[in-house]
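Enquirer: Give me the fold of what follows.
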Amino acid sequence: HGGTATSIIVEMESSTITSSGNVNFTSINVVQGSSTLVMTATSSLTSAGQSLNNLTYNSSGTLTLNDNATIGGNLTISAGMVSPDSTTVTMNGNGNTLALNSQPLNNLTVGGNTTLGGNLTLLGNLTINSGITFNTGGSSYAVAVAGNWTDSGVYTGNNSPVALNGSGNQEITGSNTFYQLTAAASSTTRTLTFVNGTTQTISNALSLTGSGGNLLLLRSDSQGHSWNITPNGSRTVSYVDVEDSYNTVAANPIVATNSNDSGDNTNWTITPPPLTVSAQTANPIGETTATLNGTIASTGGTNPYVEGFYLYNGGTCSGSVIQNPNNSGGSYSTGPYSLSVTGLSNGTQYSYTAYATNSSQTSSSSCENFTTVGPVYYTVSGNNTWVRGSISSNEDIAQEYATFDNSGNNNFSFLNAYIITLLSG
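Expert: Now for the predicted structure:
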């Protein structure tokens with residue numbers, strides 16, 4: 001039938017109902033039986049709190065879920081796309097199949113024993129109810145969850161890789177056995193939280209990674225109370241910040257590179273990330289002053305408490321440090337900083353390095369050099385008389401007419417008769 005449902009359905013029994021339009025069960029009491037609803041066009045489904053048995057979507061268009069849907073049988077996306085909005089789909093039957101053809105759902109609640117029939121992508125949360133088994137089947141279907149993973153029942157992962165791929169914070173509740181488990185923080189620092197006392201077992205491959213400046217924080221839901229991990233296969237762990245973790249595989253510590261140890265970790269080997277600092281060209285530069293410029297590119301996992309510069313005579317950053325301008329006593333994150341040096345000699349070359357220090361390391365940049373502004377000399381000509389002297393560097397005279405006082409004190413008054421020519425000096 002096409003269009004929007006407009007009559008009360010008391011008993012669907014074992015019928016197959018085909019719809020080429022929107023389906024809306026508002027104010028309709030559905031007795032699902034063993035029926036199947038097949039939707040075959042770009043359309044929307046409004047369940048209005050009614051439970052369906054089998055739901056199949058087979059179209060080149062898009063199925064939009066307008067509200068939460070409860071499925072007592074199989075949910076099958078044979079073709080087409082799904083727009084889940086912010087809805088929750090509940091699989092409420094027993095021994096049924098969820099086959100989505102790699103189309104996403106928002107939240108999924110497994111309220112009855114369910115087996116995957118294809119890849120599962122959730123934009124929101126996965127919830128497995130108590131006493132319920134969620135089985136990925138014999139194939140290696142991929143499972144991706146962007147929200148929280150709550151397992152109060154049994155997750156049977158077989159050979160399915162699981163990716164906790166949210167852009168924000170995520171939490172794992174319950175003890176689980178994963179074939180592969182991946183979580184990353186690529187564009188922003190985020191937190192993966194584990195309920196204390198639970199154990200996450202990974203039989204094949206574990207990958208927990210952040211990136212420079214964007215750490216993946218691994219935390220217990222109760223600080224000071226451990227969460228357990230049993231990584232029996234390969235491990236790729238870097239740019240993480242770990243706290244309250246107990247690795248049960250004592251003979252094989254988890255090696256976390258470029259990472260922070262926030263305390264109370266057992267059977268972990270954690271090495272900090274490099275603190276990285278660079279120096280940029282000095283600007284502005286005067287006769288006796290200069291502004292030195294640097295950047296903290298990576299904090300090394302912990303914000304530095306000192307940022308500054310070492311200034312040297314000459315252009316090679318060697319010999320004794322002659323000045324050490326710095327900011328200290330604060331918490332300095334990534335980004336540029338600038339400090340001034342004074343008391344320099346004009347027309348003289350200097351060099352400098354930028355540096356920063358955090359609780360575990362100090363990093364210095366490569367060498368930058370600059371030359372202070374020297375005196376500017378000029379010649380004034382007029383009436384066959386030449387006088388030579390110096391003027392300050394902030395004069396900006398390319399050509400002028402002038403008369404001058406030739407009293408030996410180099411005082412000149414610019415009027416309208418003589419030509420001043422600047423010479424490099």
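Enquirer: Send over stretch 92-109 as CSV, restricted to the C-alpha atoms.
Expert: Extracted C-alpha coordinates of stretch 92-109, given in CSV (Å, rounded to 0.1, in the frame of the first residue of the first chain):
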residue,chain,number,x,y,z
ASN,A,92,13.4,-6.4,21.0
GLY,A,93,13.0,-9.9,19.5
ASN,A,94,14.9,-13.0,20.3
GLY,A,95,17.3,-14.6,17.8
ASN,A,96,16.8,-12.0,15.1
THR,A,97,19.1,-10.3,12.7
LEU,A,98,20.3,-6.7,12.2
ALA,A,99,21.5,-6.2,8.6
LEU,A,100,22.1,-2.6,7.7
ASN,A,101,24.1,-2.8,4.5
SER,A,102,26.6,-0.4,6.1
GLN,A,103,24.0,2.3,6.7
PRO,A,104,24.1,4.2,10.0
LEU,A,105,21.8,4.2,13.0
ASN,A,106,22.0,6.8,15.8
ASN,A,107,21.4,4.9,19.1
LEU,A,108,21.0,1.1,19.2
THR,A,109,19.5,-0.8,22.2
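Enquirer: Run the chain-centre distance for that stretch.
Expert: 29 Å (CA atoms, centre = their mean, to the nearest Å).
Enquirer: cool, stretch 218-232 as well?
Expert: On the basis of CA atoms, centre = their mean, stretch 218-232 is displaced by 22 Å from the centre of the chain it belongs to.
Enquirer: Show me the strands paired with the helix or strand harbouring L208, marking each as parallel or antiparallel.
Expert: Using DSSP states H and E, L208 sits in strand 199-209. Strand 199-209 has the following strand partners under DSSP bridges: strand 176-184 (parallel), strand 227-231 (parallel), strand 234-238 (parallel).
Enquirer: how distant is the following helix or strand past it from the center of its chain?
Expert: Sequence-wise, the next helix or strand beyond strand 199-209 is strand 216-220, with elements assigned using DSSP H and E. Offset of strand 216-220 from its chain centre (CA atoms, centre = their mean): 14 Å.
Enquirer: got the CA positions of strand 216-220 in CSV?
Expert: The C-alpha trace of strand 216-220 is given here as CSV (Å, rounded to 0.1, in the frame of the first residue of the first chain):
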residue,chain,number,x,y,z
LEU,A,216,43.7,10.4,24.1
LEU,A,217,43.0,10.4,27.8
LEU,A,218,42.4,7.0,29.4
ARG,A,219,40.5,7.3,32.7
SER,A,220,38.6,5.4,35.3
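Enquirer: Can you list the helices and strands that it packs against?
Expert: strand 190-194, strand 199-209, strand 240-242 (3 or more CB pairs under 8 Å, 6 or more residues apart in numbering; DSSP states H and E). Quick note: C-beta positions are derived from backbone N, CA and C, even for glycine.
Enquirer: C-terminal to the shortest one, what's the next element?
Expert: This points to strand 240-242. Moving toward the C-terminus from strand 240-242, the next helix or strand (DSSP H and E) is strand 245-247.
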